[in-house]
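[1] Below are the sequence and a predicted model; questions follow.
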Amino acid sequence: PAWSRVLSEGWSGTSLLYICPLRALLNNQEPRLVRMAEAVGLRVGKWHGDVGLAERKKLLREPPHLMLITPESMEVLLIRPSGGAEVLLNQVRIAIVDEVHAFANDARGAHLVSILERLQLRAGRHIQRVGLSATVGNPQQLADWLQGSGAESPAVVVDPRGARKQPQFTFDLGDGLGWAAARIAASGRHQKQLVFVQSRSRAEQLAAALGTSGIRVWVHHSSVGKTRRADAEAAFESEKQATLIATSSMELGIDVGDLDEVIQLDSPATVSSLAQRLGRTGRRAGTEPRMSFLCDAPEDVLVSVALATLFESGWVEDVRPSTRHWTVLVHQILANLLETSGLTRGQLLARLRVVPAFSGFTPVEIEKLFAHMLGEGWLDEDNGVLLLGQRAEKQFGGKNFFSLYAVFDSPEQYAVCHGGDEVGTVQSWFLMQLGGVGAAFRLAGRAWQITEMDTAKGTVQVTSTVAADAPMWTGQPKAYSRKLCEQVLDLLVQGGSHAGCTALATGAIDSIRSSVSQLGLTAGARPVAVAAGKTVWHTYAGARINAVLARLLAQELGAKVTASNLSVKISSGSTRALEAVWTVHAQLATAREPPEDTWAEFDPARRSAMLSVFQGCLPADAEQAFLREALLDLEGARAWAAGISVVG
């Protein structure tokens, strides 16, 4: 349809954008789109960091009808004086956003919709946006967010629902990487399979374990060079019996041909991830989607079965874009001023208030932000025109303002390193709840103490410790949703297991069920119990809600409280600790305001509380609001508390 409009309406210049979250996905789609375009006499171009200078000059001389691009590359074109925005971005009429759900939940999505509004100002017309996604639970809300300002009709969801193929799940439990490698090698001799692992180190370890198996193996993750990744994609696509080991780098739509099976070591954290990965199989007529979970811990079996059960019920996580994205607001204030060489307050406000990611801010809040940034030297003002201040140029300047090309939030995952060895990975959320340097946690069966955190590199240095109460997330250190944790609870309460479970996997679930049978778990009851001098509240509420509970309990008791996905643990087994659980529950269930002191305050001076390089530009109260929205779910905690009772 987009090609047809270019031809029938005589659009000139670069009128179509195809926007993806990954360069690799753009590279993968390019040959198909080129073939389609050439068939009707149109041209396709690609613009991102890996495209050479000669190719860029050619595109500027002969602008393509369709440009494949990332949001970061669009920002480069906009804020560099000789970036080429006037040639390549001023005539855009349709923006097609692939894997739109991957943008909407974080800072990159707020960045994207802000850029699209800036392109509309250049074009002088509304740019139609087309979002593509196979895994989103609330498509209408996502469509409304993506549509932006100036549309003449409401956003429309096109849902080509049909009979979905019944997936075939298998769940197995084994002992270590050697067992998993043997299972993968056996199946890889007669099929084409994609193996998902949770970290780069795990991918390399598995590849090494398969090295003498006799099957053809490729590895694909963010640390593998672009040439080797491309070679792996191309080789794997052409093979009939082969194994590709990947992290989430292969989750978003990169086509590697027809697969026989997806194998997942341990479990992903979301139903959306499961659906994306499962969807790589069962595409041929007469085949069904197949996914095997190879778990080395009973808890991973339980979580995997819960994820599959939710998927089979048709549930997938909602994507809820923020309307108050503080750090992207700062980023876009600076980027707009750099693009235009200065704006009046009115002009800048007009650009900001139409962006969906900023629609929740009041004019007073934005004016307060302007005043703070002026007072701190981030902005300057000359005859009523706002300009970048000397502090912003020093902090984000350097060669071509590289730091402003993208929204640099902290990485979702940190590599945990002991000296030169990578122990594994943990989510940034997990580390921030711990409190940073000096805190202890468990990973890979051992306790570790944090000695250093590097947000820029996404690494955590640790040393071995004997901390007996170091927190451990169920399975891998990942943040789970309330819905997933409650599905785990249902599996424990209802009995039985999934039809795809092996005898060992079924036994693992039965063992966990037996271990918690004395707690009095029910669908509506959340028991609190005292054991080994500690008080444990078995909440099954998920990571962000439990973070709220832990902070409120710590405020109430003045004692150490740690949160995981399924429970909150108080370092005291006293009667006072039990009473605090009831107090906090009642406070939330009746929607009373929590104590105003310091329960929700973060210490931004500690590296563990740094989520964005633009965070330091915010006033103190705005920075706290930004951190609370990112790490805590007070409204979710209230809704959860109103629906459960505390027993024990």
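    Sure thing, it's come through.

[2] Pull out the buried positions in the longest strand seen in the chain.
    Of all segments of type strand in the chain, defined using DSSP state E, the longest is strand 446-454. By neighbour count on 16 or more other Cβ atoms under 10 Å, the buried set for strand 446-454 is Ala447, Trp448, Gln449, Ile450, Met453. Quick note: C-beta positions are derived from backbone N, CA and C, even for glycine.

[3] any idea which of those is closest to Trp537?
    Checking the buried residues of strand 446-454 against Trp537 by Cβ to Cβ gives Ala447 as the nearest, at 22.4 Å.

[4] pLDDT below threshold where in the stretch 301-450 of the chain?
    397-403, 406, 408-413, 427-436, 442-446 (pLDDT under 70).

[5] for it, what spans make up the helices?
    Remark: helices assigned in the stretch 301-450 of the chain by DSSP state H, counting those that start in this stretch are 326-340, 345-352, 363-375, 390-396, 428-434.

[6] can you put those in TSV and add distance to Ala499 and mean neighbour count?
    Formatted as TSV, these follow (distance: least, Cβ to Cβ, whole Å; neighbours: other Cβ atoms under 10 Å):
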stretch	distance to Ala499	mean neighbour count
helix 326-340	45	24
helix 345-352	53	16
helix 363-375	53	15
helix 390-396	55	17
helix 428-434	33	22
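
[7] hang on, the earlier thing: out of the buried residues of strand 446-454, flag the one nearest to Lys46.
    The closest of these, once distances to Lys46 are taken by Cβ to Cβ, is Met453, at 36.1 Å.

[8] Show me what the host helix or strand of Ile245 packs onto, helices and strands only.
    Element membership for Ile245, per DSSP states H and E: strand 242-246. Counting contacts by 3 or more Cβ pairs under 8 Å, 6 or more residues apart in numbering; DSSP states H and E, strand 242-246 packs against helix 176-188, strand 192-196, helix 200-209, strand 217-220, helix 226-238.

[9] what's the closest of these to Asp159?
    strand 192-196 (26.7 Å).

[10] Please save the CA atoms from that closest one in CSV.
    Taking Å, rounded to 0.1, in the frame of the first residue of the first chain, the C-alpha atoms of strand 192-196 are listed here in CSV:
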residue,chain,number,x,y,z
LYS,A,192,17.4,-26.7,12.3
GLN,A,193,17.2,-25.1,15.8
LEU,A,194,17.6,-21.8,17.5
VAL,A,195,18.8,-21.9,21.1
PHE,A,196,18.1,-18.9,23.3
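
[11] Report the separation between the residue of the chain positioned farthest from its centre and Leu343.
    Residue distances from the centre of the chain (Cα atoms, centre = their mean) peak at Asn383, which lies 42.4 Å from the mean C-alpha position. Separation of Asn383 from Leu343 (Cβ to Cβ, to the nearest Å): 12 Å.

[12] ok, now Glu601?
    Glu601 is 34 Å from Leu343, by Cβ to Cβ.

[13] Look at the two and report which has more neighbours.
    Leu343 (19 against 13; other Cβ atoms under 10 Å).

[14] returning to that earlier point: now the buried residues of strand 446-454 as JSON lines including distance to Thr281?
    Output for the buried residues of strand 446-454, formatted as JSON lines (distance: Cβ to Cβ, whole Å):
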{"residue": "Ala447", "distance to Thr281": "39"}
{"residue": "Trp448", "distance to Thr281": "37"}
{"residue": "Gln449", "distance to Thr281": "42"}
{"residue": "Ile450", "distance to Thr281": "39"}
{"residue": "Met453", "distance to Thr281": "38"}
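
[15] Show the contacting residues for the nearest residue to Val385 once chain neighbours are set aside.
    The shortest distance from Val385 to any residue other than its chain neighbours is 4.4 Å, reached at Gly342 (Cβ to Cβ, 6 or more residues apart in numbering). Neighbouring residues of Gly342 by Cβ atoms under 8 Å, 6 or more residues apart in numbering: Asp382, Val385, Leu386, Leu387.

[16] Tell me where the stretch 501-648 of the chain has strands.
    525-531, 534-538, 561-563, 567-570, 645-647 (DSSP state E, counting those that start in this stretch).

[17] need the least confident one among the ones you listed, by mean pLDDT.
    Looking over the strands of the stretch 501-648 of the chain, mean pLDDT reaches its minimum on strand 561-563, with a mean of 90.

[18] Direction included, what does that strand pair up with?
    strand 567-570 (antiparallel) (DSSP bridges).

[19] before we move on, the earlier item: average pLDDT for the strand holding Ile245, rounded please.
    88.

[20] Now do the following helix or strand past that strand: which elements does it pack against?
    For strand 242-246, the following helix or strand on the C-terminal side (DSSP H and E) is strand 261-265. With contacts defined as 3+ Cβ pairs under 8 Å, 6+ apart, the packing partners of strand 261-265 are helix 176-188, strand 192-196, helix 271-278, strand 290-295.

[21] what's near enough to touch Ser514?
    Ser514 neighbours (Cβ under 8 Å, 6+ apart): none.

[22] oh sorry, the question was meant for Val316
    Thr135, Val136, Gly137, Val271, Ser272, Ala275, Leu310.

[23] now the nearest residue to Arg23 once chain neighbours are set aside: how far from Phe293?
    Closest residue to Arg23 apart from its sequence neighbours, by Cβ to Cβ, 6+ apart: His48 at 4.9 Å. Here His48 is placed at a distance of 34 Å from Phe293 (Cβ to Cβ).

[24] Look at the two and report which has more neighbours.
    Ranked by neighbour count (other Cβ under 10 Å), His48 and Phe293 place Phe293 first, with 29 against 17.

[25] May I have the beta-bridge partners of that one?
    Phe171, Gln264.

[26] so it makes contact with Ala306?
    No - if you go by Cβ atoms under 8 Å, Phe293 and Ala306 don't touch, sitting 11.2 Å apart.

[27] got the residue ranges for the helices in the stretch 501-648 of the chain?
    Listed in chain order, the helices of the stretch 501-648 of the chain (DSSP H, counting those that start in this stretch) span 503-515, 543-557, 575-589, 620-631, 634-642.

[28] Out of those, which is closest to Ala104?
    Going by Cβ to Cβ, the one of the helices of the stretch 501-648 of the chain nearest Ala104 is helix 620-631, 15.1 Å.

[29] now for the strands of the stretch 501-648 of the chain, which one comes closest to Phe396?
    Using Cβ to Cβ, these put strand 561-563 closest to Phe396, at 34.5 Å.

[30] So, low pLDDT: which residues of the stretch 51-200 of the chain?
    Using pLDDT under 70, the stretch 51-200 of the chain drops low at 162-163.

[31] switch to 50 and redo it
    Residue ranges of the stretch 51-200 of the chain with pLDDT under 50: none are present.

[32] all strands in it, in order from the N-terminus.
    66-69, 94-97, 128-131, 168-173, 192-196.

[33] got these as a markdown table, with distance to Glu579 and mean neighbour count columns?
    Converted to a markdown table, those look like this (distance: least, Cβ to Cβ, whole Å; neighbours: other Cβ under 10 Å):
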| stretch | distance to Glu579 | mean neighbour count |
| --- | --- | --- |
| strand 66-69 | 58 | 26 |
| strand 94-97 | 51 | 21 |
| strand 128-131 | 49 | 20 |
| strand 168-173 | 40 | 22 |
| strand 192-196 | 45 | 25 |
